[in-house]
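Q: The following block contains a protein sequence and its predicted model.
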Amino acid sequence: MYKIPFLDLPPLRGAAGTVVLPGSKSISNRVLLLAGLSDGVTRVHDLLASDDTRVMLAALQELGCKLDRQADGVLAVTGIGGRPRTEAAKLFLGNAGTAMRPLTAALALLAATQGGSFELSGVPRMHERPIGDLVDALRGLGCDIACLGQEGYPPLRLSGPARLTLDAPVRVRGDVSSQFLTALLLALPLVATNDVVIEVTGELISKPYVHITLELLAHFGVQVRRDDDWQRFVIPAGSRYRSPGEVHIEGDASSASYFVALGAIAAADAPVRIEGVGSASVQGDVRFLEAAQAMGARVEIGANWLEVRRGAWPLRALDLDCNHIPDAAMTLAVMALYADGPTTLRNIASWRVKETDRIAAMAAELRKLDAEVEEGPDWLRVHPLKAWRPASIHTYDDHRVAMCFSLAAFNGLQDDRRGAAVPVRILDPQCVAKTFPDYFETLFGVVRAEIEDIPVITIDGPTASGKGTLTDEVAKALGYHVLDSGALYRVTGLAASRAGIDLDDGEAVAALVPTLELRFQDGQALLDGEDVSADLRLEATGLMASQVGAHPAVRRALHQLQLDFRQLPGLVADGRDMGTAIFPAAPLKVFLTASAATRAERRHKQLISKGLSANIEGLRADLEARDARDKGRSASPLQAAADAIELDNSAQTIEQSRDLVLSWWRDRRPF
Ligand SMILES: Nc1ncnc2c1ncn2[C@@H]1O[C@H](COP(=O)(O)OP(=O)(O)OP(=O)(O)O)[C@@H](O)[C@H]1O
Ligand SMILES: Nc1ccn([C@H]2C[C@H](O)[C@@H](COP(=O)(O)O)O2)c(=O)n1
C-alpha cells in the first residue's frame, strides 16, 4: 500500500494481464457478523483484509468472539451464539457503514433482551452519515438508543434491558440506504420468538445488496420470506443462526469495476482477466458489466472470472438509472471522459450520504481535469474530454474516488498528439485501504506506459556522499522504485572474485554478468539464492566494484539491467553515471557531494554502528582512491551531468537534503 501524501500516475497507454480480486467488502462484513453471532466455528476463506473488515473483527473480538488465523490463511471465527461475553463495550467502527449499521441493530436488540450498554462511534465522517431511520425503527421496537452527538447520527449508546414489542410490523425507510433494512434483517433473528415482519416504506433502493443479505442469512440457517415487490419481509419464529462451517468470500464486484473499465478503455490487444467474480456472483455490482458493455466493452464471462477488452472506441455515451449499481457507477463517471458524447448517471441520491458526498466530489474532481460536468440532487452528467489538464485529485478519504480516478491516467489514448498526455496525481492514495489496500500495486501489474513517460530522478556522486540514503528517502516519499546501481557493480566484482576471474580482465568479467542469478528482495541481495547483502557493503567489495566498473565491456553488460528498473510509477536511481549515461533524459538530476572529511566520518560512524572496526584515516584514503579511479576512468566517469543540480550536503541533515530534492521535483511537476 502507498502510505504517502500523493501518488503520481504517469500517462498510461495500455492494459493486459490478470488481476485477482480481493474479497468482497459487503460479503466479508456480513459473514463476519453472522459467524460472530452464530453458535460454533465458521472457517472463512478469502476474507477481505482492509480497514472496514479490521474494525468489524475488532468489534467482534471485544464482544467475545474468538478469532484464529490458521496456517492456510483461513480465519476461524468462534461465535458468541447470540450472547455477548461482556455487558459493556465501546466499539470504534472507523468509516465502515457495513459495520456501524448491522452492529447498531444487533447490539440494540441484545442489550434490550440481555441488558448491557454498548457505545458505537467512528471517524468524524461516520458521525455525519445519517442513521436516524434505523434508530427510529429500533426505537419503535422498544430499544433504548441515545444519539450522543447530533440526533440521528452516530455516535450511539445502546442500553438495556428494555421491553421489546415484536408483534407489530417493524417499519423502516428503504429509500435512503438499503443498509438499514439489511441491519434489521441481520439482527432480528436474534430475538424472533414469533414471526417478525419488516415493512419497507418508500421504494427500496440497492436491492442487490439486500439480495446478498438474504442469501447469506439462508446460508446461516435463517430463511426470510419476502414479497415480490421487496416491501415486506418475514423472519420466521424460532429462527436461529447456524454456522455453515465453511464460507468462501467471492471477489469484490465493485472493485472489479475499475478493471472492467480498464479493459474497456485500454485493453486494445489482449484482455484484462479478472478472477474472483463472474456469472455465479451474488453481488449486484456484477451488473456493472452491462453498463460497461453498453459503453463498448467486449466481455467474456465464466462462473468466477471475466475477460474484458476494448470494443467501441471512443466509448459510447450512456444515460443510465444507476440505482442497482450505486458504488460501481462512480467508475462510469470517469469512463464518461472517454465517450463520444455526454453520459448521464441517474438515481444516485445515495452517493450524497456515502464516505463523502460523492456527487459533489466527483463533479469537483472531474472539473479539475477540465471536464464539463453538470449535477443535480440525484444525477450527474459528464461530458467527454479532449484536452486534459494535469490534476491533483482530492480523494475525500473515499477509496472509490481514488480508484476510479486512476482511470483518468489513460488520457493519452484520447488525445494522441505528441506530448498531449498528462499525469494524474492521486492525493492520500492510502484511502484505498478501506476495501483494496493493494489497488495501485495491482493496477501497475497490468498497465503499460511509454518508457519515457515513467519519471526518473538520478542521484550521482562520490563514495559515501549519502546517495543511497537520499535515494531511499526520496523514493519512499514518492512511492518510486530504487535502483542502487553500485550494488550491481558490487555483485559483479564479488562474483568475479569468487569465480577466480582476474578483475582487470574486462571481457571475462563482462561475460560473467548474464550468468548471474541475482534478485533483490525484501532489502536483501540474493546471488544464486545466497544472501550476500553483508558482503556487498564491505569496503573491499566497494573497491572491487570500482575496479570492474572501469571496464567499458562491464558497463555495457550492466546497461540494460539498469534500464529495466524503470518501472511504474517511477524510479530514483543512485550511482556514478545515472544522469550522464543510463538516464541522460531524466527530468531531475542531482549530483551529491560532501567534503572528503565529512564522508570519511560518516562512513566511519556507519561501520562502527554495525560493530565493524574502522580507522578514519584509512577510510578517507580508501574513498579518495576510489573517487580518483571512478573519476579518472574513460568509460562513464564519475562526473556531474551538465544539467545536474549540485548539492553539497556536508552541513545538511538527511531530512534537509530530502526536502530540497523533493522541492526541486515539485517544481518540475505540472500540478
Ligand atoms: N546528509 C547527511 N547527513 C548526515 N549523514 C548522512 C547524510 N547523508 C547520508 N548520511 C550518512 O552517511 C552514511 C553514508 O551514506 P550512504 O551509504 O547513503 O552513502 P553512499 O553515497 O550511497 O555510499 P556508497 O557510495 O558507498 O554507496 C550513512 O550512514 C548515512 O546515514
Ligand atoms: N553507476 C555506478 C555505480 C557504481 N559504480 C562503481 C564505482 C563505485 O566505486 C562502486 C561501488 O559503488 P557504490 O555502491 O559505492 O555506490 O561501483 C560505477 O562505476 N557506476
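A: Cool, got the structure. Residues are numbered from 1 along each chain as shown. Ligands and ions are numbered 1, 2, ... in the order given.
Q: Run through the residues that contact Arg85.
A: Under the criterion of C-beta atoms under 8 Å, 6 or more residues apart in numbering, the contact list for Arg85 reads 63-64. Backbone N, C-alpha and C define where each C-beta goes, glycine included.
Q: Leaving out sequence neighbours, find the closest residue to whatever residue of the chain ends up closest to ligand 1.
A: Taking C-beta to the nearest ligand atom, ligand 1 has its nearest neighbour within the chain at Gly466, 2.6 Å off. Distances taken as C-beta to C-beta, 6 or more residues apart in numbering place Asn649 nearest to Gly466, at 5.7 Å, with adjacent residues excluded.
Q: from what I can see that neighbour touches Phe591, true?
A: No - taking contacts as C-beta atoms under 8 Å, Asn649 lies outside contact range of Phe591: 11.1 Å.
Q: Got phi/psi on whichever residue of the stretch 551-671 of the chain sits closest to ligand 2?
A: Nearest residue of the stretch 551-671 of the chain to ligand 2: Gly575, at 2.7 Å (C-beta to the nearest ligand atom). Dihedral angles of Gly575 (phi, psi; degrees, to the nearest 10) stand at phi 170, psi -140.
Q: who does it bridge with?
A: Note on Gly575: beta-bridge partners by DSSP bridges are Asp460.
Q: Break the protein down into its structural domains.
A: 6-21+250-448, 25-248, 454-480+569-671, 482-567 (automatic domain parsing).
Q: separation between the residue nearest to Gly466 and Ile459?
A: 11 Å (C-beta to C-beta, to the nearest Å).
Q: Give me the common contacts of those two.
A: 470, 592.
Q: These two: which has the busier surroundings?
A: More neighbours surround Ile459 than the other of Asn649 and Ile459, with 30 against 24 (other C-beta atoms under 10 Å).
Q: how about the more buried one, what does it touch?
A: Ile459 neighbours (C-beta under 8 Å, 6+ apart): 467, 470-471, 474, 572-575, 578, 590, 592, 661.
Q: Helices - which of those land there?
A: 467, 470-471, 474, 661 (DSSP state H).
Q: Just the buried ones out of these, please.
A: 467, 470-471, 474, 661 (16 or more other C-beta atoms under 10 Å).
Q: of the residues you listed, closest to Met126?
A: Comparing these against Met126 with C-beta to C-beta places Val474 closest, at 35.6 Å.
Q: I'd like to know how far the closest one sits from Arg666.
A: For Val474, the distance to Arg666 - C-beta to C-beta - is 12 Å.
Q: thinking again about what came up before, reformat the domains of the chain as JSON lines; add mean pLDDT.
A: Below are the domains of the chain laid out as JSON lines (pLDDT from 0 to 100):
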{"stretch": "domain 6-21+250-448", "mean pLDDT": "96"}
{"stretch": "domain 25-248", "mean pLDDT": "96"}
{"stretch": "domain 454-480+569-671", "mean pLDDT": "95"}
{"stretch": "domain 482-567", "mean pLDDT": "95"}
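Q: Mean neighbour count, those domains: which tops it?
A: domain 6-21+250-448 (a mean of 21; mean count of other C-beta atoms under 10 Å).
Q: can you list the residues of the stretch 451-600 of the chain near ligand 1?
A: Residues of the stretch 451-600 of the chain lying near ligand 1 by C-beta under 6 Å from any ligand atom: 463-469, 486, 542.
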